[in-house]
Structures are given as structure tokens and as C-alpha cells.
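Colleague: Sequence first, then the predicted structure:
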Amino acid sequence: MKEKWLMAVAGSWDDIKPRITTALESGFDCVVVRQEDVERVKRLGDIKVASFGNERGGEEILIIGRGGEGDGSTPLPEDFGSSLDISLARAAEGTVAGYVEIRGKRYEEFAVELGKNVDYLLVVGKDWKVIPLENMIAGLQGEEVKIISAVKTAEEAEVDLATLEKGADGVLLDTSDLSEMKRVQKAVEKAGMAQLELVPAEITLVRPVGMGDRVCVDTCTMMLPGEGMLVGSQSKAAFLVQSESEESSYVASRPFRVNAGAVHAYVKVGDKTRYLSELHAGDEVTIVDRDGRTAKAIVGRVKIEKRPLMLIEAEAAGEKISTILQNAETIKLVGEDGKAKSVTDLAAGDRVLVHVEGKARHFGMEIEESIIER
């Protein structure tokens, strides 16, 4: 996931405090403050704290470079091997970030060298936007460092997070506008969403199969029509099961819930799969919409109850796939047209959205192995 950092070093503590509170409420990952404010931040809530300095204080992340070569206070050496900032970064214990203001090509090159010696690289553009960031992303490819790009608006964040497709690993927002913090939060979450390919599958069989244990997954996220979870009896293929986000004549809508299917079924969780029966409160699950966009949700509760079940079989991309869902009007798949279709109305020839992967899985992870699942 892309990271959200907040720069909060300018102004009095009374000026800074509302911004830090908003960062906490908005799920920011880290705040950058003066060393004398570190303990104050920790009393406000649980968030990583970074601060500038040459020696470590109480912060989790020490930032080196401000007041030195990184911001031009000290001229860059001809040979980066004699750089004081790089020497300090190598000697520092714990998590270290390097700070560089890109004032020209030499600073861009310096940032790449510093980036090879730190955990995070904070880069601030002075008269540039995209090209130097592209060069730094390319120059640090394969290194462990995360590039955090300084921005002032959500629009700048969107550009930096998409540069060279990979984008920066996060953004450092420098603003006193609390509403802009909310906009950047949404931009970062959008950039961190993976895109899955959904394809139509043709229903070949719908048949009641009797009673069994099914799993309802109640999340801490309100979902919209067309959003749900990818669930299936085969690990390499899953149906998009919609949340109970639509009203019906039987029950009120429960947009936080996906009535996901029988206990044996797999559910897509990030790059892996898990059995529905394994999920517990506090676990992460992946929400998927009708366009294949994904988001992370937290499980609030899992309910396993005996209910009448229905076998659904389909064909997609030459593969025969299946799943078992509760036999009830409120359980819906997402049709090829993006509209929900109740499982009780499904018939052979209907087309619904599924996600098909090319590899088998072992303990939820993709493997190059021939596995037959029926």
C-alpha cells in the first residue's frame, strides 16, 4: 500500500495539533515533527513519528539531510563518497530517512546515492515535477528504499503516485488545509488499489444441494451495489458475490455484509486466498467492485450458520468453475452488465462476473503446479 505522511514542523504546537489529529483520523502512516514534539504526538494516538536531526531522539524514524547537504545548507561534495549526510545515514541505528530538495541534476543524483543507504527517501521538488522523480524511481529500482514524494495538493499526489506506472511509494503532504488532507487520503487509497480482471462466465448448472454451514462476513466497510468479495470452490477462479447493499422485501440492506458461501470456499485476500472458515474479527479481506477495482476491508464479525445451500457451476475462459452459496433471494452475484442477480433467479445461460487466475495455489499462494479441483 502507498504511504501517507504529514509534514507538521511549522508553527506552534497549537497550530500543529489539529493537523496531527486529522492525520490520525484519516489513517495517515507517519507525521514529521520537531524532536521536542515527538512525545506530544505519541500521547495523541498510535502513529509513526519522524523528526529531523543528526542524532536519534524518541522518534521511530530519524530524518537526515535537513540543515545539511540535502537542503543545500551545506554544498554537495564533488565525490558523493565523502558526503556527510550519507555517512550519518550509514552510522545511524534504527529506521532512517534521507531528505533531499531537488535543486538540479546533481541533487537528483545525490538523492539516488543517499537512497541506497536509507530506509526512506523524502524528496522535495523545487522547480520540477515528473522527470526527476522518474529518474529516481528508475535509479533506485531493486533497492529496499521507499521513495516518499513531497506534495501540497491531492492533484500532485495523484501524479507522483502514478509516475512510471509504479509511482512513488508514498507522499509527504505539506499543508495546513485540513480538507486537503482528506482529499490526499482518498487519492492515496485510490492509487493503492489493485485492478483485477473480471470476465464473464456462463452459468451451466444451478442446483439445490441441501443443508450446510455457510459464512457471513461482516466488515467494517460500507459497500455499494456492485461491490463484494471474490469467492469460489476453486482457488484459481472466483465469483463476484455482491454485498447485501440492496434493499429487499425480505430484509433491510446490510451494506457491510457479504453472505459469502460455504465454509470450504476460498475468498480472495490480497494476492492470496483464504478459506472462509478461517476468517476472524480483525482480519483483512479484499473488496472488489464490478470494474475490478479493489480495496481493503477489516472483518468485524464472522457468522457461521446452517442454511440451505445451492451449487452453482459455470464456464469461463475454457475452465469449469463452481461455488456453493446460500439458497436465498438476498444472495446475489454480479451480472455481466454490472447489475446484481439473485441466485434464486439464476438459470443456465446467464452470464456473471468472475476472476480467473492462471496458476494453482498451495496454502493460498500461487504455485507452478498442476492441480485438479472438482
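Modeller: All right, it came through fine. Residues are numbered from 1 along each chain as shown.

Colleague: can I see the domain layout of this structure?
Modeller: The chain breaks down into these domains under automatic domain parsing: 3-191, 199-367.

Colleague: Format those as CSV; extra columns: mean pLDDT and mean neighbour count.
Modeller: The way it works is simple: take the backbone N, C-alpha and C, and place the C-beta from them, glycine included. Output for the domains of the chain, formatted as CSV (pLDDT from 0 to 100; neighbours: other Cβ atoms under 10 Å):
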stretch, mean pLDDT, mean neighbour count
domain 3-191, 90, 18
domain 199-367, 91, 18
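
Colleague: And the next helix or strand past the helix or strand that contains Glu315?
Modeller: Per DSSP states H and E: Glu315 is located in strand 294-316. Following strand 294-316 in sequence order, the next helix or strand is strand 319-326 (DSSP H and E).

Colleague: Could you tell me the angle between that next one and strand 294-316?
Modeller: 120 degrees (axes from the mean of the first three to the mean of the last three Cα atoms, to 10 degrees).

Colleague: contacts for strand 319-326?
Modeller: Residues outside strand 319-326 that contact it (Cβ atoms under 8 Å, 6 or more residues apart in numbering): 201, 204, 209, 212, 214, 231-234, 236-239, 241, 259-262, 264-265, 307-315, 331, 343, 354, 356.

Colleague: repeat for stretch 2-16
Modeller: Residues contacting stretch 2-16 (Cβ under 8 Å, 6+ apart): 19-20, 23, 26-34, 37, 40, 50, 52, 122, 146, 148, 150, 161, 167-174, 176, 181, 184-185, 188-189, 191-192.

Colleague: you'd agree Lys146 is up against Leu122?
Modeller: No - the pair Lys146 and Leu122 does not pass the contact test of Cβ atoms under 8 Å, sitting 9.7 Å apart.

Colleague: what do the two both touch?
Modeller: In contact with both Lys146 and Leu122: no residue, using Cβ under 8 Å, 6+ apart.

Colleague: what about stretch 67-81, how long is it end to end?
Modeller: 19 Å (Cα to Cα, to the nearest Å).

Colleague: chain center to it, what's the gap?
Modeller: From the chain centre to the centre of stretch 67-81 is a distance of 35 Å (Cα atoms, centre = their mean, to the nearest Å).

Colleague: what about the nearest residue to Met310 once chain neighbours are set aside, distance to Pro308?
Modeller: In space, and not counting its chain neighbours, Met310 is closest to Asn327: 4.1 Å by Cβ to Cβ, 6 or more residues apart in numbering. Counting by Cβ to Cβ, to the nearest Å, the separation of Asn327 from Pro308 is 4 Å.

Colleague: State the distance from Ser249 to Ser82.
Modeller: Taken as Cβ to Cβ, the span from Ser249 to Ser82 is 77 Å.

Colleague: actually Val184, sorry about that
Modeller: 38 Å.

Colleague: swap in Pro255?
Modeller: 60 Å.

Colleague: now do Asn117
Modeller: Relative to Ser82, and taking Cβ to Cβ, Asn117 is found at 14 Å.

Colleague: Mind jotting down where the strands sit in the stretch 51-200 of the chain?
Modeller: 61-64, 95-102, 120-125, 146-151, 170-173, 199-219 (DSSP state E, counting those that start in this stretch).
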